[in-house]
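Trainee: task: produce atomic coordinates for the following.
(chains A and B)
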There are 2 protein chains.
Amino acid sequence: MSELNRKSPESLQDRLEQVVCLLEHEVAGEESLDQRGSLDELQLKLEELHPADVAYILESLPLDQRLTVWQLVKSDRDGEILLEVSDAVRETLIADMDSHEIIAAANTLDADELADLAPDLPRDVVRELMDTLDAQQRERLKSALSYDDDQVGSLMDFDMVTIRDDVTLEVVSRYLRRFEILPDHTDKLFVVDTEGVLKGVLPVKKLLVSSPDELVGDVMSDDPVVFNPLDDAGEAAQAFERYDLISAPVVDEQGKLFGRLTIDEMVDYIREESEAEVLNAAGLREEEDIFASVWKSVRNRWAWLAINLCTALIASRVIGLFEGAIEQLVALAALMPIVAGVGGNSGNQTITMIVRGLATGQVQAAHGKRLIRKEMGVALINGLFWGLVLALIAYALYGNAALSLVLLAAMTLNMLLAAFMGVVIPLARVSMGGDPALGSSVMITAITDSGGFFIFLGMATIFLL
Amino acid sequence: MSELNRKSPESLQDRLEQVVCLLEHEVAGEESLDQRGSLDELQLKLEELHPADVAYILESLPLDQRLTVWQLVKSDRDGEILLEVSDAVRETLIADMDSHEIIAAANTLDADELADLAPDLPRDVVRELMDTLDAQQRERLKSALSYDDDQVGSLMDFDMVTIRDDVTLEVVSRYLRRFEILPDHTDKLFVVDTEGVLKGVLPVKKLLVSSPDELVGDVMSDDPVVFNPLDDAGEAAQAFERYDLISAPVVDEQGKLFGRLTIDEMVDYIREESEAEVLNAAGLREEEDIFASVWKSVRNRWAWLAINLCTALIASRVIGLFEGAIEQLVALAALMPIVAGVGGNSGNQTITMIVRGLATGQVQAAHGKRLIRKEMGVALINGLFWGLVLALIAYALYGNAALSLVLLAAMTLNMLLAAFMGVVIPLARVSMGGDPALGSSVMITAITDSGGFFIFLGMATIFLL
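Mentor: Down below sits the predicted model:
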């Protein structure tokens, strides 16, 4: 295996450590000659690395070390590395470049890649950049910029190999040999007519096994999966997963070939979406640069904290309504967070299931009644069982049978409320055209907190005092 | 566009609705002739569909309708459809088949596909199945079954096209034309010596653009990304993303070609991992069949509810310590959930960031001090700011300046605690070899609940009473 380079992530980790070691040597280095030496060595190391690996190293370094490394990267690689780093890290790198450097980096990129970068660039740089492009590139950049982030149009590229359907495979093979290199992810050639209308696709697999004398029109597949630039990117990603696609044509309303989607963009999209889901669930607006300044992090986090504060305040006011009851029976104060907490956990389980099901399309509004019945069934069993466990513990602690019964009833009712709202909230938001995932956890927790306090303290007031 | 079949997800939704409509017609149909007619129509519809689409429809149907559709699927397609459905739904389908049907379905599959299915099959069926395989297939099935779910070995297939390095590309092209069809995701051919040791890979892209007279050895790439069957599947998936791979060879310790990884398996793995992350964060053990019985759902959810109950009970006992204080100043009961809740939200933000960073490798134990400093900085700012807002509101409500000051101090301290533990817990778990993501949210919430109540009520006891 000596000639095979194992680019496994472990060795990537090793390389990161080497870079850090060289950097620290540089910082600690007392003689300037020595310092220069380790920087040169580092520069050589960086040149050997894949742009994605350099990006990974940049993301893993604190700001000062990151910028030292960034300065060492050859300027003709700046563009592809900027494409690979996360948005937050990209911002710090661009902030360190002057407009001349940015334009030089951008000029190494295709229109669709530029479109990914453009939103992060200073406005005047983008304008200057537009002037350096030829007409076709400018047209493509403008059209790529005109789509939303979650539309197919923003993810497509223009690296297509097109052929006619009335030539033989022999001719196609000779045509391909004229290329210096084929675009990445070329698993199929696109068959178009003279108007540029897509007639079908010729999988490379088919080209390789078929006789050279056959006509493209006879071996091509004429019902490929095609997309429109306005299609939803998430649904396109699901189609890529479902049909195991590598690339797929994008056509306009007239059926003209317009661009191409590839699996690598789809994988990035899937990863970003699932990351956003995890981050939003935890109350983070977007991915953070781990080494971002304290202020940047505060800005990323304050919105959800503010919402959380409001819901906590409402729950607090609900308790405030029953201060008299708590004064008379202080055990209520100790037990009420249990009712709220377990209800919140149970509600989060339900709402997560439903939001997932909606995202994959397996839950529809028509299933509402059936799902409510099922979830309330689960809640009833869990509520009665865990409520009983807790009621027994409470009896052992306080020796008050009536209090234990109220606790059992309140836990069960709060879990039923959580199950009902856990189904109804996401279905209602979808039917109003909203995103059922956004803040779902905060919403259900707000309901089970305030609801739990109200049910428990309210029942206590009626039955115990 | 008439000849192009737009397999967009919308039309998939349409097809699901057609199936449901036909099913309901069947159930409602009064004349048996009419009934038979709609089932026949449904069967025709199903035959036209991609196995992944049939799987999607099966997953979206309640159990009774699901089994009706499953009976209509031609038995030679059972195998590929079973591969596509989720684990929970697969269980319901297999439960409906006798061992004869299962073996017939399994016989249409490759060894690596069988390995995916085998864990869900009855034991005696697997044994019977083993006997029907030829020696090579049995060997492969056994080896695939010997790896963990998160090892490369469990995800690889054996559909490789291998060539020698001392032949011309012309010879390779002629060799390929002898195939009826090439394996899916064949973007490169594997170059091996007579011992089966991997020497390099020949990308199909390169084969297409190079002169037929060139030797494989001269155009092949001799440092491909390769994996070992024992490598971590998550790290392999990251390498696929990073280097935009379609397929990659898997070699054993001696460098012998053993199998192949493809992007479709990696995408499935990425999707499953991110789903597990979302589900675990919400306290669900695994993906649920939306239409599962109430009992199945209860089983899937009880473990996290039990843990949550324990942590809630501990928090309750902390409050119990201060019942005397609450009796004297009942406003404490109303305000304490705010301290706990906002601390929990803040701690979840921190721990999610750190767990993400650890998963991508960008956070290391060596960064601990720096990250603690940063997160506590964020917590200090948020704590003082939101604490002040809340202290003012509390003053407006209760007119007690000392109470407001205690509230401000408790909120800030609890958020500092949350930030500290949010960094320390995941780093500590990793250094002990654990999974930092599992139950991280439950753990940090337990700390901020109990800690928040303790800090707030404790300070109130000292300063207010």
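Trainee: show me where chain A has strands.
Mentor: Here chain A has its strands, by DSSP state E, at A:162-163, A:188-192, A:198-203, A:247-251, A:257-262.
Trainee: in a markdown table, list those strands along with distance to chain B, mean neighbour count and mean pLDDT.
Mentor: The way it works is simple: take the backbone N, C-alpha and C, and place the C-beta from them, glycine included. Shown next, in a markdown table, are these (distance: least, CB to the nearest CB, whole Å; neighbours: other CB atoms under 10 Å in any protein chain shown; pLDDT from 0 to 100):
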| stretch | distance to chain B | mean neighbour count | mean pLDDT |
| --- | --- | --- | --- |
| strand A:162-163 | 12 | 16 | 96 |
| strand A:188-192 | 10 | 24 | 96 |
| strand A:198-203 | 7 | 22 | 96 |
| strand A:247-251 | 7 | 24 | 96 |
| strand A:257-262 | 9 | 24 | 94 |
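Trainee: so which of those strands comes closest to B:Leu208?
Mentor: strand A:188-192 (9.8 Å; CB to CB).
Trainee: gap between A:Met294 and chain B?
Mentor: Met isn't right for residue A:294; it's Val. From A:Val294 across to chain B, the span is 4 Å (CB to the nearest CB, to the nearest Å).
Trainee: grab the nearest non-local neighbour of that residue.
Mentor: B:Gly377 (4.0 Å; CB to CB, 6 or more residues apart in numbering or on different chains).
Trainee: same check on A:Val378?
Mentor: B:Ser297 (4.7 Å).
Trainee: low-confidence bits of chain A, can you list those?
Mentor: Counting by pLDDT under 70, the ranges of chain A that qualify are A:1-13, A:24-36.
Trainee: any idea how it splits into domains?
Mentor: What automatic domain parsing lists as the domains of chain A is A:9-150, A:162-281, A:294-464.
Trainee: determine which stretch of those is the most buried.
Mentor: Of all the domains of chain A, domain A:294-464 has the most neighbours on average by mean count of other CB atoms under 10 Å in any protein chain shown, namely a mean of 21.
Trainee: measure that one end to end?
Mentor: End-to-end distance for domain A:294-464: 50 Å, by CA to CA, to the nearest Å.
Trainee: got it, and stretch A:243-259?
Mentor: 19 Å.
Trainee: same question, stretch A:179-193
Mentor: 21 Å.
Trainee: repeat that for stretch A:360-378.
Mentor: End-to-end distance (CA to CA), stretch A:360-378: 23 Å.
Trainee: pull the residues that contact that stretch.
Mentor: Outside of stretch A:360-378, the residues within contact range by CB atoms under 8 Å, 6 or more residues apart in numbering or on different chains are A:238, A:350, A:354, A:357, A:416, A:419-420, A:422-424, A:427, A:430-431, B:9, B:12-13, B:16, B:56, B:59-60, B:62, B:290-291, B:294, B:297-298, B:301.
Trainee: try stretch A:141-149
Mentor: A:111-112, A:114-115, A:118, A:130, A:133, A:153-154, A:156, A:229-230, A:233.
Trainee: equivalent analysis for stretch A:408-420, please.
Mentor: A:338-340, A:342-344, A:346-347, A:350, A:372, A:375-376, A:378-380, A:382-384, A:386-388, A:390-391, A:444, A:447-448, A:451-452, A:455-456, A:459.
Trainee: cool, and stretch A:41-56?
Mentor: With CB under 8 Å, 6+ apart as the test, stretch A:41-56 has contacts from A:7, A:12, A:15-16, A:18-19, A:22-23, A:26, A:57, A:69, A:72-74, A:77, A:80-81, A:83-85, A:89, B:242-243, B:361-362.
Trainee: distance from it to the middle of the chain?
Mentor: Here stretch A:41-56 is found 26 Å from its chain centre; the criterion is CA atoms, centre = their mean, to the nearest Å.
Trainee: picking that back up, how about the strands of chain A in JSON lines, adding distance to A:Pro224?
Mentor: Conversion of those to JSON lines gives the following (distance: least, CB to CB, whole Å):
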{"stretch": "strand A:162-163", "distance to A:Pro224": "13"}
{"stretch": "strand A:188-192", "distance to A:Pro224": "8"}
{"stretch": "strand A:198-203", "distance to A:Pro224": "4"}
{"stretch": "strand A:247-251", "distance to A:Pro224": "7"}
{"stretch": "strand A:257-262", "distance to A:Pro224": "11"}
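Trainee: to B:Asp96, which of those lies closest?
Mentor: Comparing the strands of chain A against B:Asp96 with CB to CB, the closest turns out to be strand A:247-251 (35.0 Å).
Trainee: quick one, that closest one and strand A:188-192 angle?
Mentor: Counting by axes from the mean of the first three to the mean of the last three CA atoms, to 10 degrees, strand A:247-251 points 20 degrees away from the direction of strand A:188-192.
Trainee: by contact count, what packs against strand A:247-251?
Mentor: Other elements packing on strand A:247-251 under the criterion 3 or more CB pairs under 8 Å, 6 or more residues apart in numbering or on different chains; DSSP states H and E are strand A:198-203, helix A:233-242, strand A:257-262.
Trainee: make TSV out of these and add distance to A:Ile314.
Mentor: Formatted as TSV, those follow (distance: least, CB to CB, whole Å):
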stretch	distance to A:Ile314
strand A:198-203	56
helix A:233-242	33
strand A:257-262	45
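Trainee: so which of those is nearest B:Ala276?
Mentor: B:Ala276 lies closest to helix A:233-242 among those, at 16.4 Å (CB to CB).
Trainee: is chain B within reach of that closest one?
Mentor: Yes: Helix A:233-242 is in contact with chain B by CB under 8 Å from any CB of the partner chain, via A:235, A:238-242.
Trainee: turn the residues you listed into CSV, columns for distance to B:Ala366.
Mentor: Shown next, in CSV, are the residues of helix A:233-242 next to chain B (distance: CB to CB, whole Å):
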residue, distance to B:Ala366
A:Glu235, 42
A:Gln238, 40
A:Ala239, 43
A:Phe240, 38
A:Glu241, 37
A:Arg242, 42
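Trainee: and the helices in the stretch 201-350 of chain A, which stretches?
Mentor: Using DSSP state H, counting those that start in this stretch, the helices of the stretch 201-350 of chain A run over A:204-209, A:216-219, A:233-242, A:263-281, A:294-321, A:323-328, A:331-360.
Trainee: in TSV, list those helices along with distance to B:Leu408.
Mentor: Output for the helices of the stretch 201-350 of chain A, formatted as TSV (distance: least, CB to CB, whole Å):
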stretch	distance to B:Leu408
helix A:204-209	67
helix A:216-219	75
helix A:233-242	43
helix A:263-281	29
helix A:294-321	13
helix A:323-328	21
helix A:331-360	21
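Trainee: which one of the domains of chain A lies closest to B:Asp223?
Mentor: Across these, B:Asp223 has its closest neighbour in domain A:9-150 (11.0 Å, CB to CB).
Trainee: in contact with A:Gln137, which residues?
Mentor: A:Gln137 is in contact with A:110-111, counting by CB under 8 Å, 6+ apart.
Trainee: please report the distance of it from chain B.
Mentor: According to CB to the nearest CB, A:Gln137 and chain B sit 23 Å apart.
Trainee: same question for A:Val389.
Mentor: For A:Val389, the distance to chain B - CB to the nearest CB - is 7 Å.
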